[in-house]
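S.K.: Kindly generate the corresponding structure for this input.
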Amino acid sequence: ILSEEGKNQMKVLFDLFILLSVFSCIACGKSYVIKPKTWDYRGHGIAYEVSHPVTGDEETVDSTAITSEKSPILLLNGFGVGSFHQHRLIPELVLNDKEESNDDNQVVYCVDYLGQGASWPRDCDDGLSENEKNLAYSAEIWIDQLVTFIEQVVLPQHKGHKVHVVGNSVGGHLAAHLAYQRPDLVESICLLNPTPVWGLNLPGWSGHLPPPKVPKAIGRFLFDKIRNLNTIEKYLEAAYARKDAFDKNLMNQIRGCTLGNGGHAAFASILWSPPLKVAGEKDFQKCLAGIDCDVLLVFGKDDPWCKPAFGKTMLQALNTRTNGKVQRYIEVENCGHCPNHEAPQAVGSVVTKWVNSMNRHVDNISLVQSEKEVFDEAWGATPISERQEEDIELSLLDLVAVTFV
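M.R.: A predicted model of the protein is given here:
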């Protein structure tokens, strides 16, 4: 547990990081800014970021003053990271957009879920503080947080618009349920290797803090294991197709999200949290089939967990829709579980075309140039192609996986 002096030191370092992140983009000659901010949700401090292009003669940067006639983009993180995991993708969205359309700014928002990244209850005490009492870190509360964030923070700056939601892993899972539950808020969704399941709903506890003795002990043991730097490195080696695509800085950023006093209890709560349901059932395919907006699936081909096989079943569910909405599938080669971070140029190109189009049907707009388009990331070539449902082949192991998940 951190001492008061340790907490103050961490706050100073975090404040310094915020200042550097605001101005480093401009200092290195890039014409965009990432502005960290905070917002109050149910009395809890929520970290979020706003990004947009800037002109070279701007002396001050005030994201709240930015106006745009474009629908904003909201980026949703995977598990265990913060908005820093979107920093490679952000410039590809705001700067690509300026090339695609020079008449207006694209504004991009990121937000850390409560109990993740830099978003935590005030005065955490291992699940025992007044601010943590009766709190459950579940997908349900994250959906409520996102709805409230869009209503209170995002859309007041973009009156008359809905939001494009781009989510990776659990962020994709949440994006789909958000679109299903609140179609009035969502213009389109882009799902980057979304997890088809979330919430183990383990027996013996509802997940509301404080945790009982056994869940608390299990959560503490597992949390200490997974936040070890060696474990984080092994996880990233599995998640990324190429080791050169992540570095020690990312590992330390992920580790840094776990250093507060609320992580052990939060992890236990997440383990015991229930899944989101559609019509009383835990069925992600039913959720997808009921979405009333255009849906873009983007899958890293080399993901060991959320494989393209799951993408095929998701595309099948989307293809059952009769509401005239569009669904398309992009496959990214040499890329694993996190296309937003491992293939930012490819994802940025596809998403920019997607959000800038009023008619996203395949006959109206090409998301990929020619049959296969190649992007050169610093760690190697990243080809992308558009696939149809029948193009995605399933191995025997894939068939077993999609049958039971």
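S.K.: in the stretch 51-200 of the chain, which spans are helices?
M.R.: In the stretch 51-200 of the chain, the helices defined using DSSP state H, counting those that start in this stretch lie at 89-100, 139-149, 170-181.
S.K.: want to throw those into JSON lines with distance to residue 162 and mean pLDDT?
M.R.: For glycine as for every other residue, the C-beta is placed from the backbone atoms N, C-alpha and C. Formatted as JSON lines, the helices of the stretch 51-200 of the chain follow (distance: least, CB to CB, whole Å; pLDDT from 0 to 100):
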{"stretch": "helix 89-100", "distance to residue 162": "17", "mean pLDDT": "82"}
{"stretch": "helix 139-149", "distance to residue 162": "13", "mean pLDDT": "98"}
{"stretch": "helix 170-181", "distance to residue 162": "10", "mean pLDDT": "98"}
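S.K.: so which of these gets nearest residue 390?
M.R.: helix 170-181 (22.8 Å; CB to CB).
S.K.: Find the one among the helices of the stretch 51-200 of the chain with the highest mean neighbour count.
M.R.: Among those, ranked by average contacts under mean count of other CB atoms under 10 Å, first place goes to helix 170-181 (a mean of 26).
S.K.: Let me know the angle separating that one from helix 139-149.
M.R.: If you take axes from the mean of the first three to the mean of the last three CA atoms, to 10 degrees, helix 170-181 sits at 70 degrees to helix 139-149.
S.K.: For helix 170-181, report the contacting residues that lie outside it.
M.R.: 75-79, 139, 142-143, 146-147, 165-167, 185-186, 189-198, 276, 278, 284, 287-288, 290-293, 295 (CB atoms under 8 Å, 6 or more residues apart in numbering).
S.K.: ok, now with 6 Å
M.R.: Helix 170-181 is contacted from outside by 76-79, 142-143, 146, 165, 167, 186, 189, 191-192, 194-195, 198, 276, 287-288, 290-291, 293, using CB atoms under 6 Å, 6 or more residues apart in numbering.
S.K.: if we can go back for a sec, can you tell which of the helices of the stretch 51-200 of the chain is closest to residue 349?
M.R.: helix 89-100 (6.3 Å).
S.K.: Below-threshold pLDDT in the stretch 101-250 of the chain: ranges please.
M.R.: Counting by pLDDT under 70, the stretch 101-250 of the chain shows low-confidence ranges at 101-103.
S.K.: about what we covered before: keep only those of the contacts of helix 170-181 that are in strands.
M.R.: Members of the contacts of helix 170-181 lying in strands (criterion: DSSP state E): 76, 165, 167, 186, 189, 191, 192.
S.K.: Need those in JSON lines (columns: neighbour count and distance to residue 86).
M.R.: Formatted as JSON lines, these follow (neighbours: other CB atoms under 10 Å; distance: CB to CB, whole Å):
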{"residue": "76", "neighbour count": "31", "distance to residue 86": "9"}
{"residue": "165", "neighbour count": "28", "distance to residue 86": "13"}
{"residue": "167", "neighbour count": "27", "distance to residue 86": "11"}
{"residue": "186", "neighbour count": "24", "distance to residue 86": "18"}
{"residue": "189", "neighbour count": "27", "distance to residue 86": "16"}
{"residue": "191", "neighbour count": "29", "distance to residue 86": "15"}
{"residue": "192", "neighbour count": "33", "distance to residue 86": "11"}
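S.K.: which of those residues sit farthest apart?
M.R.: 186 and 192 (16.0 Å).
S.K.: what does stretch 322-334 rub up against?
M.R.: Residues from elsewhere that reach stretch 322-334 (CB under 6 Å, 6+ apart): 241, 292, 294-301, 315, 318, 339, 343, 346, 350, 360-361, 382-387.
S.K.: Please disregard the earlier target; I meant stretch 150-168.
M.R.: 39, 71-76, 78, 109, 174-175, 185-190, 192, 338, 340, 355.
S.K.: and what of stretch 108-120?
M.R.: Contacts of stretch 108-120 (CB under 6 Å, 6+ apart): 44, 46-51, 73-75, 82-83, 86, 90, 93-94, 137, 142, 145, 149, 154, 257, 260, 262, 266.
S.K.: all helices of the stretch 201-350 of the chain, in order?
M.R.: 213-226, 229-239, 248-256, 263-272, 284-289, 308-319, 339-342, 344-356.
S.K.: if you compare the ones you listed, which one is most tucked away?
M.R.: Most buried among the helices of the stretch 201-350 of the chain, counting by mean count of other CB under 10 Å: helix 339-342, with a mean of 27.
S.K.: Give me the buried entries from the contacts of stretch 322-334.
M.R.: 241, 294-301, 315, 318, 339, 343, 346, 350, 360, 382-387 (16 or more other CB atoms under 10 Å).
S.K.: out of those residues, which are inside strands?
M.R.: Filtering the buried ones among the contacts of stretch 322-334 for strands - DSSP E - leaves 294-300, 382-387.
S.K.: Output those in JSON lines, with distance to residue 219 appended to each entry.
M.R.: Shown next, in JSON lines, are those (distance: CB to CB, whole Å):
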{"residue": "294", "distance to residue 219": "39"}
{"residue": "295", "distance to residue 219": "34"}
{"residue": "296", "distance to residue 219": "35"}
{"residue": "297", "distance to residue 219": "33"}
{"residue": "298", "distance to residue 219": "32"}
{"residue": "299", "distance to residue 219": "31"}
{"residue": "300", "distance to residue 219": "29"}
{"residue": "382", "distance to residue 219": "37"}
{"residue": "383", "distance to residue 219": "41"}
{"residue": "384", "distance to residue 219": "39"}
{"residue": "385", "distance to residue 219": "42"}
{"residue": "386", "distance to residue 219": "42"}
{"residue": "387", "distance to residue 219": "39"}
